[in-house]
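# using only what follows, build the 3D model:
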Amino acid sequence: MPADVDEVVAAVARDIEARLPELTTEMTDWFVGVIPEFRHDETARRLMVASTAANLSAIVGMLAHAIPMEQITVPPAAAEYARRFAQYELSLEALLRAYRLGEHMFDQWAIDALRRLDRPGPDPLSVLSELTGRTNRYIDQVIGGLIDIYETERRRWSTRSGADLAARVRMVLETEPLSEAAARELLGIPVGGWHRAAVLWAPGAAGEPVDDAVLQAGARLLGEASSRPPLTVLADSRTLWAWHSAPDVPPLDVALLRERLPGHLRLALGGAGRGLAGFRGSLAEAVRARAVAETDEARPAVTDFDEVAVAALLTDRSDELRRWVDRVLAGLTSDEPGVDQLRATLRVFLAEGGSYTRAAARLHLHKNTVHYRVRKAEELLGRPVGKDRLQVEVALLAASLLRGRL
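Down below sits the predicted model:
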């Protein structure tokens, strides 16, 4: 291959690399829009983004530095995402379709970058042929590795997880329409009563093994905290789903869970719900509560949906939320020293009905200090705090509860 073609290929790769964060978002949003299997919960979504970013970085690096194909391997994040696909019993065809769609999108980026170069050089068709050829060989090689990873994980997972029960639970969660009688047949428990779901997980890097005994210890504690053992299934290699079910609202000793949950585990709880809708809805709440918990490492190990409901209901729209919070709070979203203190003081002031005296007592501050901080907050807001008060309160709450995302 002539040196000048390699140089232009490398220049195109560098052009794409400079815009990789925004292009990664563009590609992952496209996957979610066109492939139903890519519409994940927040934990799996982050892994999907990491997988896409890792593959794009690998392709750019290969093109920019002419890395030989025999040195190309499946990126660790992509390998773990393929395993998660298998654990979730999502189709291999959907995963491979994403790689081919991604290849097509990358080729379009390369064409656009080649046009932008606008400099004398080799025949653009020769450059484009080399670009698309190398990208195609990368995709083919990685796909071959992914197929082995996916199929191996499916075999391993089916022997480990009680795959039959897990499949039946997912069928109950996802099948519409489904009668309560059919759901009872699939689950082996009455569905017409009350249910409260929990998500138990072991934090850690994707791909790190977790001993089954770790999650089972958490499951036993969930049983101790209620009147009967919960229905449990492994959702993935680090996560267990559980349901307490009873004719009346299931009792659950949350204080016991907070006191005795092992330090290497975390737990998210949904609210109690009745019937099939309650079985599904309580898990959805627990999953959302987990998403909130994972935005803040300092949050207690047990997160109850009802305690973080406002934040939890906003987790699926974090980009839109960020823009709205920035618009409502203006200068109060700054990372400058002391601004977080102003936000916290303003939240308490509004929660206390605009009373400087009650806010000062709650914050253990002098009333004049609260006066000063509220005035400084209003300067950063650019308007009196009483204007659009509800929006300001919600934006402050979102900024506090979701600070790991905003």
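# so, low pLDDT: which residues of the stretch 1-150 of the chain?
Low-confidence segments of the stretch 1-150 of the chain, defined by pLDDT under 70, are located at 1-3, 119-120.
# for the protein, what's the longest helix?
The helix that spans the most residues within the chain, counting by DSSP state H, is helix 124-160.
# so what touches the next helix-or-strand element following it?
Per DSSP states H and E, helix 124-160 leads on to helix 163-174 as the next helix or strand towards the C-terminus. When contacts are taken as C-beta atoms under 8 Å, 6 or more residues apart in numbering, the neighbours of helix 163-174 outside the stretch itself are 88-89, 157, 178, 183, 186-187, 231, 233-235, 241, 276, 279-280, 283. From N, CA and C alone the C-beta is placed, and that goes for glycine too.
# next, the angle from the longest helix of the chain to helix 163-174.
110 degrees (axes from the mean of the first three to the mean of the last three C-alpha atoms, to 10 degrees).
# helices or strands up against helix 124-160?
Helix 124-160 is packed against helix 3-18, helix 42-65, helix 76-87, helix 92-117, with contacts defined by 3 or more C-beta pairs under 8 Å, 6 or more residues apart in numbering; DSSP states H and E.
# can you tell me which of those comes nearest to residue 399?
When those are ranked by distance to residue 399, counting by C-beta to C-beta, first place goes to helix 42-65 at 18.3 Å.
# check which residues of the closest one are buried.
42-45, 47-56, 58-60, 62-64 (16 or more other C-beta atoms under 10 Å).
# from the chain's centre, how far out does that helix sit?
How far helix 42-65 lies from its chain's middle: 16 Å, per C-alpha atoms, centre = their mean, to the nearest Å.
# that one relative to helix 3-18, how many degrees between them?
Compare the direction of helix 42-65 with that of helix 3-18 by the same axes, to 10 degrees and you get 150 degrees.
# what's near enough to touch residue 233?
Applying C-beta under 8 Å, 6+ apart, one finds that residue 233 lies in contact with 161-162, 165-166, 169, 240-241.
# domains in this structure, by residue range?
Structural domains of the chain, as assigned by automatic domain parsing, span the residue ranges 3-160, 163-307, 316-401.
# sorry, back to before: could you flag which of the contacts of residue 233 are buried?
Among the contacts of residue 233, those scoring as buried are 161, 165-166, 169, 240-241 (criterion: 16+ other C-beta under 10 Å).
# closest to residue 253 out of those?
Nearest member of the buried ones among the contacts of residue 233 to residue 253, counting by C-beta to C-beta, is residue 240, at 18.6 Å.
# tell me the spacing between the residue nearest to residue 385 when sequence neighbours are not counted and residue 372.
Nearest residue to residue 385 in three dimensions, chain neighbours excluded: residue 378, at 5.3 Å (C-beta to C-beta, 6 or more residues apart in numbering). Plainly put, residue 378 is 11 Å away from residue 372 if you go by C-beta to C-beta, to the nearest Å.
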